[in-house]
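> How does the following fold in three dimensions:
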Amino acid sequence: PLPRGGHHLDTVFAGDGGSDGYAELNARGKAVVVRRNDSVSMAEQAAAAASAGARLLLVVNDGTGRLAAGPGSVWIPQDPPPVTVATLTRDEGEQLIARIGHDRRVRLDVTSRPETEYVYDLAHDYADVVPADLVYRVGARDLARVDMSLRNWRPGRALETRASIAPSGSSTGIDFHEIPARGERTDWVTAGTQWTTNVTIPDEQNQQAAPTAYRAGSVQEERWFGPVQRPRLLTTYTVFREDGDGITAVIPGWGDSGTAHEGYTSGNFAVDNVLRLYQGDKLVGETDRYRPMLSSAKLSREPLPYRLVAENRRDAWGGPYSTATRTEWGFTSGAVSSVWNPSLIQLDYAVDTDMDGKAKRNADLTVTALHLATATEASAIGTVTVDLSYDDGATWHHAKLQRSGDGWRTRLDAPHDARFVTLRATARDARGNSVDQSITRAFGLR
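Reported below is the predicted structural model:
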């Protein structure tokens with residue numbers, strides 16, 4: 001890409017953009033303007049401009065609207081063009097071409113930002129009418145700020161989309177667009193509207209956020225791909241029992257960075273995602289390592305204790321954190337009249353880590369145990385425990401907990417030679433529903 005920052009580029013016109021257009025044209029270090037046409041593809045135009053030493057190629061559309069600057073889909077990435085390509089509408093492009101032909105020198109002020117620093121996601125619903133004025137005028141009082149922090153363990157390429165959810169329940173969003181897997185960005189979104197965000201690293205992991213409506217004027221941070229990754233559900237519909245049938249469970253094993261993100265690894269064959277369902281000590285359902293979707297046989301109609309166990313390993317999938325997790329949910333289930341969802345307790349972890357997933361050795365750690373809002377048999381969670389290990393589980397330290405808002409807080413006391421924190425947390429509610437979760441190398445230490 002054209003290097004980040006401001007540039008002042010003299011401009012020349014190279015007709016249809018073929019290599020013969022540069023025979024008597026000095027394009028070195030300049031911006032070149034060409035017309036889109038059926039004879040010379042945009043890839044050929046870029047190659048010719050790069051061979052002539054151009055720093056920027058501007059392609060003028062010969063139809064309505066603006067051309068995409070690159071071919072293909074974001075899901076099938078292609079090699080970038082050999083020179084930065086931008087496009088102009090026909091009207092603005094023809095005006096520029098006319099100036100080049102008339103003026104002795106046309107110089108463009110160009111600002112290059114290879115990675116965007118901000119995004120606006122705006123939505124406005126019109127009920128029962130299409131108004132004469134379709135302009136959506138937005139002021140600061142209409143917006144909320146979301147500080148996006150992408151913290152994958154290595155630089156790379158991610159894809160993202162944010163969709164608004166209308167009162168009818170339908171969602172509207174733009175297509176996925178490419179973003180860096182590590183970086184910071186400031187987003188401004190329409191307040192009061194429910195939004196859901198999806199961020200994916202192709203063939204590695206996909207993170208989905210719970211629908212969220214932001215308050216006008218508020219500021220919040222959303223972290224993606226960072227610690228602590230573990231099984232996390234957003235709805236009860238992924239685990240259910242139907243009348244006369246067994247239990248079905250789909251457990252996404254890699255929710256990231258604190259709260260309300262559901263993380264899948266579809267298409268990533270370097271990950272183990274195994275589910276097992278036990279009635280007491282009897283195995284009644286099991287999945288293979290690649291497909292965390294379990295359907296048991298018909299179960300007893302008597303109320304009996306069950307254990308749902310999710311074991312997740314990174315195996316050959318790189319990355320230093322959450323190298324292995326084990327989560328066991330306990331609940332009681334019997335005959336149901338329609339569809340029933342167990343009240344599986346979820347665990348969220350809040351710890352201040354840097355871009356590399358590392359926390360201070362005396363950092364605060366808050367564990368929050370909660371039921372999903374849609375849980376039908378939720379009751380008060382009264383018992384929470386946390387154990388910490390600084391040697392991958394060889395030895396454990398029982399954490400002293402203090403109630404902090406909705407969570408339980410403790411402070412790390414890591415020895416100077418420790419590199420990682422391994423976690424083990426349990427919670428139990430008044431109905432006997434329980435969770436026991438261990439996370440090997442949950443996050444790093446600095």
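
> next one: phi and psi at A140?
Main-chain torsions, A140, degrees, to the nearest 10: phi -60, psi -30.

> Nearest residue to it in space, please, no chain neighbours.
The shortest distance from A140 to any residue other than its chain neighbours is 7.5 Å, reached at G217 (CB to CB, 6 or more residues apart in numbering). C-beta: built from backbone N, CA, C; applies to glycine.

> Okay, the one you found and L159: tell me how far apart.
Distance, G217 to L159, using CB to CB, to the nearest Å: 30 Å.

> Tell me where the chain has helices.
With DSSP state H, the ranges of helices along the chain come out as 42-51, 90-102.

> most tightly surrounded among these?
Most buried of the helices of the chain, by mean neighbour count (mean count of other CB atoms under 10 Å): helix 42-51, with a mean of 20.

> so the most centrally placed residue in the chain bridges to which residues?
The residue lying closest to the centre of the chain (CA atoms, centre = their mean) is V199, at 2.5 Å. On the basis of DSSP bridges, V199 is bridged to E160, Q207.

> thinking again about what came up before, compare G217 and L159 and say which one has the larger neighbour count.
Neighbours were tallied for G217 and for L159 using other CB atoms under 10 Å; the higher tally belongs to L159 (19 against 12).

> Contacts only, for the residue nearest to that one when sequence neighbours are not counted.
Spatial nearest neighbour of L159, chain neighbours left out: F176 (4.2 Å); criterion: CB to CB, 6+ apart. By CB atoms under 8 Å, 6 or more residues apart in numbering, the contact set of F176 is V74, W75, L159, E160, T161, N198, T200.

> Relative to P77, how far out is F176?
Distance, F176 to P77, by CB to CB: 12 Å.

> OK, contacts around the residue nearest to the centre of the chain?
Residues near V199 by CB under 8 Å, 6+ apart: L150, A158, L159, E160, I179, N206, Q207, W224, F225.

> okay, now the nearest residue to D391 once chain neighbours are set aside: neighbour count?
Spatially, and ignoring its direct neighbours in sequence, D391 is nearest to A418 (7.2 Å; CB to CB, 6+ apart). Other residues near A418 come to 17 when the count uses other CB under 10 Å.

> How about D392?
15.

> do R141 as well
Using other CB under 10 Å, R141 has 8 other residues around it.

> ok, now P77?
So P77, with other CB under 10 Å, has 13 neighbours.

> what does the one 10 residues further on give?
The local packing count at T87 equals 18, with neighbours defined by other CB under 10 Å.

> now do A363
So A363, with other CB under 10 Å, has 17 neighbours.

> Surely it and D352 touch.
Yes. Look at A363 against D352 with CB atoms under 8 Å: they come within range, at 5.7 Å.

> Return the residues in contact with A86.
L56, L57, L58, V59, A69 are the contacts of A86 under CB under 8 Å, 6+ apart.

> Please indicate which of these are buried?
Burial by neighbour count, 16 or more other CB atoms under 10 Å: within the contacts of A86 this picks out L56, L57, L58, V59.

> Mind checking which of those residues land in strands?
L56, L57, L58, V59 (DSSP state E).

> now those residues as TSV including distance to S337?
Shown next, in TSV, are those (distance: CB to CB, whole Å):
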residue	distance to S337
L56	67
L57	66
L58	66
V59	63
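
> Tell me the one of those nearest P167?
Nearest to P167, judged by CB to CB, of these is V59 at 41.1 Å.

> Closest one to T111 out of the contacts of F176, please.
E160 (22.8 Å).

> correct me, but the closest one touches T196?
No. E160 is beyond contact range of T196, at 11.8 Å (criterion: CB under 8 Å).
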